[in-house]
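Undergrad: The following comprises the amino acid sequence and a computationally predicted model.
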Amino acid sequence: MLSILSYIRQGEPFLAIIVILSRCFVVFCCMPIHELAHALIANKLGDDTAKLKGRISINPFAHLDLIGTIMIFLFGIGYAKPVPVNPARLKKPRRDMALISLAGPVSNLLMGFVYSFFSCGLMALNKSDNVGLYAVQLFFDFAVSVNVSLAVFNLFPIPPLDGSKIFESILPDKIYFKILQYERYIMIGLMILLFTGALSTPISYISNFMTNIISFIPRMIFGV
């Protein structure tokens with residue numbers, strides 16, 4: 001996954017600008033929908049904590065986390081403020097926590113699917129290599145890429161990512177609570193892995209695979 005600085009070093013300022021704009025779009029439009037999905041499912045399953053905290057909202061400033069937002073611009077993946085959930089208010093806490101956690105990544109994949117229609121449609125429309133249409137197409141290409149990467153990243157079974165909550169739902173209580181004790185240290189380890197680029201290859205590989213899947217129907221419809 002090429003960063004903004006990588007494009008600048010390669011003498012591609014145009015692509016760097018498109019990446020910046022697409023990541024702004026993800027931060028201010030897509031990440032709030034990711035968190036809104038968590039909050040809506042939690043409310044649906046009986047816990048109105050997120051609703052009372054004002055998290056059933058598309059207002060980005062209700063959801064954004066400073067470090068997670070910076071990570072989006074630096075690495076193309078990051079996180080927002082976790083949606084507060086009170087397991088005591090859920091009928092089946094383990095199962096319901098898994099469903100609530102799954103809602104966010106699923107929303108990113110759905111957004112990636114929708115944006116791939118725009119990208120493929122513009123690709124099919126731009127027969128004369130119009131620079132403006134090409135720029136908008138690239139914007140949606142990167143929006144697809146970042147959304148899919150966010151979904152894949154968040155599904156990793158590493159605390160405090162969404163995938164860890166899904167994975168923990170099938171663990172015995174003893175192991176589950178043991179993991180929670182070390183969540184802060186695991187998060188530090190995750191940050192180190194991201195800064196060193198150790199996760200870049202697996203995330204890119206899985207993201208490319210998922211992007212090909214979600215773009216299959218749009219590509220087939222538009223013949224691109």
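TA: Happy to help now that I have it.

Undergrad: Once you drop chain neighbours, what's closest to Asp96?
TA: The shortest distance from Asp96 to any non-neighbouring residue, by C-beta to C-beta, 6 or more residues apart in numbering, is to Leu90 (4.0 Å). Just so you know, the C-beta spots here come from the backbone N, C-alpha and C atoms, and that holds for glycine as well.

Undergrad: ok, now which ones touch the one you found?
TA: Remark: with contacts taken as C-beta atoms under 8 Å, 6 or more residues apart in numbering, Leu90 is in contact with 42, 45-47, 96-97.

Undergrad: Tell me how far it lies from Ala98.
TA: Distance of Leu90 to Ala98, given as C-beta to C-beta, to the nearest Å: 11 Å.

Undergrad: remind me which residues of this protein are low pLDDT?
TA: Scanning the chain with the threshold set as pLDDT under 70 gives 1-3.

Undergrad: Please repeat the previous calculation with a cut-off of 80.
TA: Counting by pLDDT under 80, the low-confidence segments of the chain come to 1-9, 11-12, 15, 74-78, 159-160, 168-169, 171-188, 190-191, 194-197.

Undergrad: can you give me the helices for it?
TA: Counting by DSSP state H, the segments of the chain that form helices are 4-9, 13-25, 31-44, 49-52, 66-75, 93-125, 131-154, 162-168, 173-181, 183-196, 200-214, 216-222.

Undergrad: buried stuff in the shortest one?
TA: Okay, so that is helix 49-52. When neighbours are counted by 16 or more other C-beta atoms under 10 Å, the buried residues of helix 49-52 are found to be 49-50.

Undergrad: what's the answer for the first one, then?
TA: For helix 4-9, burial by neighbour count (16+ other C-beta under 10 Å) applies to 4, 7.
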